[in-house]
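1. fold the following.
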Amino acid sequence: MDILACPVCKSELELKVETEEGDEVIQGSLICHKCDEIYPIDDAIPNLLPPDMRD
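-> Below you'll find the model as predicted:
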């Protein structure tokens, strides 16, 4: 988590865990409080694409 930053504003991200297995987050999100963006974590893969580039 220490090396991840918001791709939009480069600020710190907060981890919100919905489902985890051991130390791995399976479902959840990474939240940037500075620019109010939310990046989903699906099947243990964070989607850090800027919002206008996501499906």
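2. look up how far K16 lies from the residue of the chain positioned farthest from its centre.
-> In the chain, counting by CA atoms, centre = their mean, G22 sits farthest out from the average C-alpha position, at 18.4 Å. From G22 across to K16, the span is 18 Å (CB to CB, to the nearest Å). Every residue, glycine included, has its C-beta placed from N, CA and C.
3. same check, this time on L30
-> Using CB to CB, L30 is found at 8 Å from K16.
4. more neighbours: the two, which one.
-> Each of L30 and K16 has its neighbours counted (other CB atoms under 10 Å); L30 has more, 22 against 13.
5. contacting residues for the more buried one?
-> 4, 13-16, 38-39, 41, 46, 48 (CB atoms under 8 Å, 6 or more residues apart in numbering).
6. pick out the most distant pair among those residues.
-> Maximum pairwise distance in the contacts of L30, criterion CB to CB, is 14.7 Å, between K16 and L48.
7. where does pLDDT dip in the chain?
-> For the chain, the stretches with pLDDT under 70 are 1, 55.
8. who is the residue nearest to the spatial centre of it paired with across the strands?
-> Nearest residue to the geometric centre of the chain (CA atoms, centre = their mean): L30, 2.6 Å. Counting by DSSP bridges, L30 is bridged to L15, Y39.
9. filter the contacts of L30 down to the buried ones, PyMOL style.
-> Remark: buried members of the contacts of L30, expressed as a PyMOL selection using 16 or more other CB atoms under 10 Å:
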select buried, resi 13+39+41+46+48
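10. out of the contacts of L30, who's nearest I26?
-> When the contacts of L30 are compared for distance to I26 (CB to CB), I41 wins out at 7.7 Å.
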